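In: only the shape, not the letters, is given here:
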């Protein structure tokens, strides 16, 4: 490996490194001398004393570095689309750069809460590490493109949207909002709703993109997933990884900056659970993959509750348990329908490993357990009559579908169970929400 500054990408990266270094020096000088008091304002300020020019210089350097960062990101996404290290590293560096600036801008107005002070410091450390690595990697790997491929931006927008798994995101947002309303005991403010759902959507979309990056080779072997953007080659692996990392990081900044620390931490735990614990460790390793991995999808209602209250009690853990027990029968029904797909891809889903008959029995058992869990809320006086009636009616329909899977068998009834269980989850959390406000 030979380091070189022959490429314009490497030179631009080095210029950004120098600019960030000057920002750090000037920022420290402003803090030590108290220059901030002589040039008040954000983005730009008018100095009222000679020291004020120090703060003005710091702000101008931040603006200059921001322009360099934008140019570097643009160059990376145009010319380094196939670089599995450079593109993700540049994207993460960009998010950390603007994320640190974002946190710094709100510290003063929030009275320097500890979790934001820590986030600001950790962002600075991570930025220097990623920027240093990018300077080295760009000198070794970056090459100027002789011809820039003309891209179909409309198709790429569709592909990135598909990479986010929008249907799954929508379902998770239903459970998040229900937790938010249930925790508030009323419809929350528009501001809290917007930032909580935005952060949740970014976290879910980022996790989904990272999941598809991890499963891109596996997806090629399954009819249901073969046309996904990464499996089909419409997006590069580097683009999928970069997109997933960017959304996941941004989601934490949104949650920490506009919601609260507990909601941000739970959202981050959900990302880690789904991407690392389920996608990397469990999915191909055990027939219990979907049972254990169900915890990832069960975290969003807890995020909503934490956003509303800043704490967790018994109720949000029951909401967690509802989604946790819902997940296995829902996905096992799909696994029966797509059994050959999973077998071809080498994913040890229960129908593939232990047979369809045992899977149908487990679907019925978990459905009964799920209905029992839903009744814990009224049992502990955490929900009222509206929810109780809804849980009994919806549970009856789902139990009927599960009973048909158990007694009749076949793909048709399994598909019906899969579709009914999707609607069941949406309606049971809608009932939770309605019950909380009536």
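Out: Here it is on my side, so go on. Only a predicted model underlies this, so the values are computations on that prediction, with no experimental measurement involved. Numbers count the residues shown, from 1 in each chain.

In: which ones are touching the residue positioned nearest the centre of the chain?
Out: Nearest residue to the geometric centre of the chain (Cα atoms, centre = their mean): residue 203, 1.8 Å. Residues counted as contacts of residue 203 (Cβ atoms under 8 Å, 6 or more residues apart in numbering) are 247, 248, 251, 252, 255, 267, 268, 270, 271. Using the backbone N, CA and C atoms, a C-beta is placed for each residue, glycine as well.

In: name the member of these with the most neighbours.
Out: Neighbour tally across the contacts of residue 203 (other Cβ atoms under 10 Å): the maximum, 31 neighbours, falls on residue 267.

In: which element is the closest residue to that residue other than its chain neighbours on?
Out: Spatial nearest neighbour of residue 267, excluding adjacent residues (Cβ to Cβ, 6 or more residues apart in numbering): residue 203 at 4.7 Å. Element membership for residue 203, per DSSP states H and E: helix 190-214.

In: hmm, who's touching the very next helix or strand once past that helix?
Out: On the C-terminal side of helix 190-214, the nearest following helix or strand under DSSP H and E is helix 216-219. Contacts to helix 216-219, defined as Cβ under 8 Å, 6+ apart, come from residues 212, 225, 226, 228, 230, 231, 237, 240, 284, 345, 346, 347.

In: relative to residue 264, how far out is the residue nearest to the centre of the chain?
Out: Distance from residue 203 to residue 264, counting by Cβ to Cβ, to the nearest Å: 9 Å.

In: now do the shared contacts for these two.
Out: Taking Cβ under 8 Å, 6+ apart as the criterion, residue 203 and residue 264 both touch 252, 255.

In: need the three-state assignment for residue 246.
Out: Local secondary structure at residue 246 is given as helix here, using DSSP: H, G, I helix; E, B strand; the rest coil.

In: so what's it up against?
Out: With Cβ under 8 Å, 6+ apart, residue 246 has these contacts: 91, 92, 94, 95, 206.

In: try it again with 7 Å
Out: 91, 95 (Cβ atoms under 7 Å, 6 or more residues apart in numbering).

In: buried residues of stretch 155-168, list them for me.
Out: Using 16 or more other Cβ atoms under 10 Å as the test for burial, stretch 155-168 gives 159, 160, 162, 163, 164, 165, 168.

In: could you do stretch 202-221 as well?
Out: For stretch 202-221, burial by neighbour count (16+ other Cβ under 10 Å) applies to 202-216, 218-221.

In: coming back round to it: closest one to residue 293 out of the contacts of residue 203, please.
Out: Nearest to residue 293 among the contacts of residue 203 is residue 270, at 11.6 Å by Cβ to Cβ.
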